[in-house]
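Q: Got a sequence here, can you build the structure:
(one chain, ligands or ions: 2)
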Amino acid sequence: MITVTNLRKTYRQGERTVTALDDVTLSVPKGSIHGIVGHSGAGKSTLVRCLTLLDRPTSGAVVIDGRELTAVRDSEVRTARRRIGMVFQHANLMDSRTAAQNVAHPLELVKTPKTDVNRKVAELLSLVGLTEFADAYPSQLSGGQKQRVGIARALASDPDVLLCDEPTSALDPATTEDILTLIRSLTHTLNLTVLVITHEMHVVKRICDSVSLLERGRIIEHGPLREVVSQRGGSLGRSLMPLPAGTVGEGLPELELLLVGDTASAPVLSELTRRFDANVNVIAGTVETLGGSRFGRLRVEVDSPRPLSEITAYLEGAGVHVEVAA
Ligand SMILES: Nc1ncnc2c1ncn2[C@@H]1O[C@H](COP(=O)(O)OP(=O)(O)O)[C@@H](O)[C@H]1O
Ligand SMILES: [Mg+2]
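A: Ligands and ions are numbered 1, 2, ... in the order given. Here you go, the predicted structure:
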């Protein structure tokens, strides 16, 4: 479990003080994956550096499985850091070492006996599906295979936490799927706590249990996937489930509907047609299962002799979130 409490980090930029992290609080239960999304400059890298103790926060606390990282003395930072495995956008493997030797590297650094290293490396390569590539050099591996080696290396010190910084941003879509599936299954098998920093909403949808939106150093939206998608007016929900662009209606009143869970499959629209003598024309829509719940987002044009306010009141009563489109 990771708990971050009131984390602040300020930097001096000449005369100015830049607040890179402003009162960040979040908690990620063991065995789950939390996504951090945000634009460039939002503070994502600073958060990673504070979590890995590459940088000391100005104030606040980071606790990993009951141990306060922020209270660790400088002389113990290296040991404390072994509790956290890091996966980056590029695996940054050593070209002159084989896959097995790359995975062995962190173990050799702490003088692990040779037989233990060999056993552990074989175990890790098998875990990431690379047993047959143990003796291959990075130049002989695909991007996805290199990333697998990187993941195996991150797991060498039996970390409690896996921090993934844009883990699939350099990969093609099919390889991205493979790596995300691997991260998901490792989280379960090893009961890891995982933080994924990403700008790809797809990554959040595929593997995250919960998500935070970082903006100018502050977390402005957060929660389990299901909650953020059903949040009214939330920008995360909109980015996670956008409507296809470019559809234009015929100038009739337009409503945007978010149907959640059971209402997503209930016959609200046909009921609407009947009750309000309305013609309902769907001009854009998307239906997805996110965080285990079904969601539908629809943009509809409504032509009815009855006032729009009655229609929205009816829909809201039926559990549909309604916004009158501009
Ligand atoms: N070492 C540093 N010195 C001064 N300012 C920094 C430093 N690192 C980051 N910042 C500032 O902190 C803010 C957040 O940066 P960063 O964490 O790199 O954002 P992100 O990774 O989300 O793009 C930015 O305004 C950036 O200019
Ligand atoms: Mg960054």
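
Q: Kindly report the residues of the protein close to ligand 1.
A: With C-beta under 6 Å from any ligand atom as the criterion, the chain comes near ligand 1 at residues Y11, Q13, V18, A20, G38, S40, G41, A42, G43, K44, S45, T46. The way it works is simple: take the backbone N, C-alpha and C, and place the C-beta from them, glycine included.

Q: Among those residues, which ones are in strands?
A: Here DSSP state E is the test, and these give Y11, Q13, V18, A20 as lying in strands.

Q: what does the model give the third one for pLDDT?
A: It stands for V18. pLDDT recorded at V18 is 94.

Q: In space, what's closest to it - neighbours in sequence excluded?
A: Y11 (4.8 Å; C-beta to C-beta, 6 or more residues apart in numbering).

Q: close enough to count as contact, that neighbour and L21?
A: No. When contacts are counted by C-beta atoms under 8 Å, Y11 is not listed as touching L21 (9.9 Å).

Q: more crowded one of those two?
A: The neighbour count for Y11 versus L21, taken as other C-beta atoms under 10 Å, is higher for L21 (29 against 13).

Q: residue contacts, the closest residue to the more buried one other than its chain neighbours?
A: Leaving out its chain neighbours, the residue that sits closest to L21 by C-beta to C-beta, 6+ apart is K9, at 4.2 Å. Contact analysis of K9 by C-beta atoms under 8 Å, 6 or more residues apart in numbering lists T19, A20, L21, G43, T46, C50, D55, P57, T58, G217.

Q: Quickly list what L257 is bridged to.
A: When bridges are called by DSSP bridges, L257 pairs up with L298, V322.

Q: what's it in contact with, if anything?
A: G296, R297, L298, R299, V300, L315, V320, H321, V322.

Q: Any idea how many residues pack against L7?
A: 25.

Q: Please name the nearest non-neighbouring residue to it.
A: According to C-beta to C-beta, 6+ apart, the nearest residue to L7 is G60 (3.6 Å).

Q: Shouldn't V24 be within a strand?
A: Yes. Under DSSP: H, G, I helix; E, B strand; the rest coil, V24 falls within a strand.

Q: For I207, see how far away it is.
A: Going from V24 to I207 by C-beta to C-beta, to the nearest Å gives 22 Å.

Q: More neighbours: the two, which one.
A: V24 (25 against 22).

Q: Please name the residues that touch the more buried one.
A: So V24 contacts V4, N6, L7, R8, G43, L47, G60, L214, G217, R218, I219 (C-beta under 8 Å, 6+ apart).
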